Every structure is written in C-alpha cells, then in structure tokens.
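Novice: my questions concern the predicted model and sequence given below.
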Amino acid sequence: MPKAARKQQKNLIQNIAVQRMWRLFELAKAELPENPERSRHYVQLIRNISMRNRISIPGEIKRRICKHCYAFLMPGHNARYRLRDGFIVISCGHCGKEMRYPYKKLK
Ligand SMILES: [Zn+2]
C-alpha cells in the first residue's frame with residue numbers, strides 16, 4: 001500500500017475510534033444518575049479504545065473523567081470545577097481526588 005493511502009487509512013481508523021469515544025461518553029453521561037457502575041464501565045471502554053488505538057482521549061471528554069477512579073464527572077452532581085492560578089481544578093466526588101488542567105487549553 002502506498003504511504004499516503006496507509007496514512008489515510010490510519011486517519012480513518014482514528015476518526016472512527018474518536019466517534020466511538022463520543023458515543024460512549026454520551027452513554028456514560030446518560031447512565032450516571034441511575035447507574036453509576038455502568039457509567040464507569042463506559043468510561044473504561046473509552047480508555048481501552050484510546051490505549052488500543054494509541055490515540056489520546058479528546059480534551060473535552062478527558063475533563064469529564066476522573067483519572068484516578070474513572071468516574072464520569074458531572075458538575076454539581078459528583079464534581080466541582082474551580083479556577084486556580086490559571087489551572088482548572090476538578091475535584092472528584094467519588095474518590096475525593098483532584099486533577100489539574102491548564103486553563104488556557106480549555107476553549
Ligand atoms: Zn475519582
């Protein structure tokens with residue numbers, strides 16, 4: 001296969017993987033209030049896709065997932081979002097840990 005075509009195919013696979021992550025993200029969000037364990041399972045599937053395809057989780061999704069316990073984070077429900085020193089600080093209501101992301105990258 002020519003190099004260009006191979007690259008194109010790789011992009012296609014990555015696009016499909018990202019689409020799949022978004023779908024799982026929506027499922028995780030929908031299941032959170034009634035079924036937090038299933039919601040967490042969807043989050044784990046998102047992480048699996050990311051690892052298997054060696055692509056990073058889109059930033060918008062990443063900030064809604066606890067990187068310590070994989071809980072889906074919903075502001076006002078199980079997560080607190082604050083700004084501190086140019087960082088967005090997210091507290092997980094499930095495991096109580098915090099994550100920090102540079103605020104600049106957040107659109
Ligand atoms: Zn957590």
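Specialist: Looks like it came in fine.
Novice: what about the closest residue to G86 other than its chain neighbours, neighbour count?
Specialist: Residue nearest to G86 in three dimensions, not counting chain neighbours: Y103, with 5.1 Å by C-beta to C-beta, 6 or more residues apart in numbering. All C-beta spots, glycine's among them, are computed from the backbone N, C-alpha and C. Neighbour count for Y103, taken as other C-beta atoms under 10 Å: 13.
Novice: got it, and R38?
Specialist: Neighbours around R38, by other C-beta under 10 Å: 14.
Novice: can you pull the residues of this structure lying near the ion?
Specialist: C66, H68, C69, A71, C92, H94, C95 (C-beta under 5 Å from the ion).
Novice: ok, back up a step: OK, contacts around the residue nearest to G86?
Specialist: Neighbouring residues of Y103 by C-beta atoms under 8 Å, 6 or more residues apart in numbering: L83, G86, F87, I88.
Novice: please repeat the previous calculation with a cut-off of 10 Å.
Specialist: L83, R84, D85, G86, F87, I88, V89 (C-beta atoms under 10 Å, 6 or more residues apart in numbering).
Novice: tell me the secondary structure for the first one?
Specialist: Spelled out, it's L83. strand (DSSP: H, G, I helix; E, B strand; the rest coil).
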